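>>> what would the 3D arrangement of this be:
(one chain, ligands or ions: 3)
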Amino acid sequence: MKTFKIAVAGGGSTYTPGIAKALMLKKDEFPISEIRLYDVDAERQRKVALMTEKVVAEFDDNVKVSHTTNPKEAFEGADFIFAQLRVGGNAMREKDEKIPFSHGVVGQETCGPGGMAYGLRTIAPMIELCDFAAEHAPEAWIINYSNPAAIVAEALRKERPNARILNICDMPIGMMLRMAEILGVEKDEIEVDYFGLNHFGWFTDVYVKGESRMEELREYMSVNGLVTPAQSKDLQHSDVDWIKAHTNVAKMLQLFPEYIPSSYLQYYLIPKTVVEQTNLDYTRANRVMDNREKNLFDSIAQLEETGELKEGFNVGVHGTFIVDVAMAIAYDKRERFLLIVENNGAIPNLPDDAMVEIPAYVTNRGPEPIRLNPISLFYKGLIEQQLASEKLLVEAAIEGSYQKALQAFALNKTFPSAEVAKIVLDDLIEANKEFWPVLN
Ligand code: NAD
Ligand code: G6P
Ligand code: MN
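Ligands and ions are numbered 1, 2, ... in the order given. Sure, this is the predicted structure:
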């Protein structure tokens, strides 16, 4: 049986040990010989590698775990490259959130001005990553989680159309797990219809054994949103901030009961509520640094001191999903997932060159998206506006165009006015000098 070599770019990520454990949990079906971590921050990665090695050794002594800052060493001979870069780290995430909030606008990791700021930092490193992969591991598939996934996917579609990359997001899976719990079934019993862009989509139907359960979900969710009757197994999206986001799904469903919105649509449809619910001095980045990041690095410090393993991380839907996608490619499983793919007519009344999030069957040659019906004017209007914003942002990055960046900001539904968009853009330029291309 073939054994697989996995490279993890952004090896120092808080998610690396969970992904390694997810790989080990599937090792009998998907045997792994090596996990190689690659990062630009050697010290952070060294620590995460210690935990990863320990977690892997609990399952199988023969799996080699290594870490390097050299892309050739990391990628040569790899079958898969799992990418999860956070360019600028949580320190910059905090600025992406707080700068817009200081002007009364949504500040978020992937949506609105924060997401666009993060996009302008991430496009060049992701292009570089694709080039490293093409040079050192031309046969490998890159499975990419690096955010902002919608903007990254558009930039790579445009700049590296031949890259063997599949862009994925764990939010729909997290939502599906919660919907299964609401319906009292297992996640694997659920099949969904869905369309949109990444972090900008709708579940149009939810089936169990071929029967629509949409009515039941609509009834429950327009009161409770995605807050489940008992503690959800989706631990990754379960803290106080996530409970707020899940609750806001109810508010959106009350306005527009037709389809179940991605929780991320709150930033575009009810931004005023989101801003009012936010503590401007303690945003999501602060919570992540004080919890997910701190718990992991505390448990690593303990491991270094005592040799004792206290995990301090979750496998979550995040780890399981990326491994499932890799297995579908490796074994040509033709399994159905929601993925970010080039539209090419799948949604007939959206542009061919939109990177859309829709169901696709995954084979060893990549995704085969399904065809959908035309979408109605409300969704089409929202999507086209967001798509134009994302496309302009990518063009701004590539051409170094201030005017296009301003257009991208002004078009984004998180902004009440182009004047505010300019103020926020100018502050973000100042904060991102070290990372952004120069915009003239
Ligand atoms: P983190 O800061 O803990 O880890 C990211 C790592 O990337 C760091 O070790 C950093 O040094 C490294 N890095 C930065 N620039 C790099 C470069 N150019 N080359 C190689 N490594 C680089 O972040 P995290 O909270 O673990 O999240 C990791 C990423 O995964 C983020 O982009 C996050 O948004 C994303 N994510 C995406 C999804 C999704 O649904 N698509 C879900 C969860 C997390
Ligand atoms: C979901 C989204 C990711 C996002 C993450 C943020 O999983 O799909 O794209 O990065 O949430 O979670 P955090 O705990 O870092 O706020
Ligand atoms: Mn996501």
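>>> enumerate every residue touching the residue nearest to residue 5 when sequence neighbours are not counted.
With sequence-adjacent residues excluded and distances taken as CB to CB, 6 or more residues apart in numbering, residue 5 is closest to residue 34, at 4.4 Å. To be clear about C-beta, it is placed using only N, CA and C from the backbone, and glycine gets the same treatment. Contact analysis of residue 34 by CB atoms under 8 Å, 6 or more residues apart in numbering lists 5, 6, 63, 64, 65, 66.
>>> tally of neighbours for the third one?
Applying other CB atoms under 10 Å, we find 20 residues neighbouring residue 63.
>>> how about it: what's its closest non-neighbour residue?
For residue 63, ignoring the flanking residues on the chain, the nearest one in space by CB to CB, 6+ apart is residue 56 at 5.1 Å.
>>> wait, doesn't the one you found sit right on residue 24?
Yes - counting by CB atoms under 8 Å, residue 56 touches residue 24, with 5.9 Å between them.
>>> need the overlap of contacts for those two.
residue 63.
>>> on that earlier part again, so which of the contacts of residue 34 is the most crowded?
Result: residue 6 is most packed of those (other CB under 10 Å), 25 neighbours.
>>> in the sheet, who's paired with it?
residue 35, residue 80 (DSSP bridges).
>>> tell me who's in contact with it.
23, 32, 34, 35, 36, 78, 79, 80, 81, 82, 326.
>>> still on that earlier bit, just put the contacts of residue 34 in a markdown table and tack on pLDDT and distance to ligand 1.
Rendered in a markdown table, the data for the contacts of residue 34 read as follows (pLDDT from 0 to 100; distance: CB to the nearest ligand atom, whole Å):
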| residue | pLDDT | distance to ligand 1 |
| --- | --- | --- |
| 5 | 98 | 18 |
| 6 | 98 | 15 |
| 63 | 98 | 21 |
| 64 | 98 | 20 |
| 65 | 98 | 16 |
| 66 | 98 | 15 |
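>>> what's the neighbour count on residue 382?
For residue 382, using other CB under 10 Å, the count is 19.
>>> using CSV, write out every CA atom in the helix or strand where it lies.
Following DSSP states H and E, one finds residue 382 within helix 377-399. Written as CSV, here are the backbone C-alpha positions of helix 377-399 (Å, rounded to 0.1, in the frame of the first residue of the first chain):
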residue,chain,number,x,y,z
LEU,A,377,-31.9,38.4,-8.3
PHE,A,378,-31.4,39.1,-4.5
TYR,A,379,-28.6,36.6,-4.1
LYS,A,380,-27.2,37.4,-7.5
GLY,A,381,-27.0,41.1,-6.7
LEU,A,382,-25.3,40.5,-3.3
ILE,A,383,-22.8,38.0,-4.8
GLU,A,384,-21.9,40.2,-7.8
GLN,A,385,-21.2,43.2,-5.5
GLN,A,386,-19.0,41.1,-3.2
LEU,A,387,-17.3,39.4,-6.2
ALA,A,388,-16.5,42.8,-7.8
SER,A,389,-15.0,43.9,-4.5
GLU,A,390,-12.8,40.8,-4.2
LYS,A,391,-11.8,41.0,-7.9
LEU,A,392,-10.9,44.7,-7.6
LEU,A,393,-8.9,44.0,-4.5
VAL,A,394,-6.8,41.3,-6.3
GLU,A,395,-6.3,43.7,-9.2
ALA,A,396,-5.2,46.4,-6.8
ALA,A,397,-2.6,44.0,-5.3
ILE,A,398,-1.3,42.9,-8.6
GLU,A,399,-1.2,46.3,-10.3
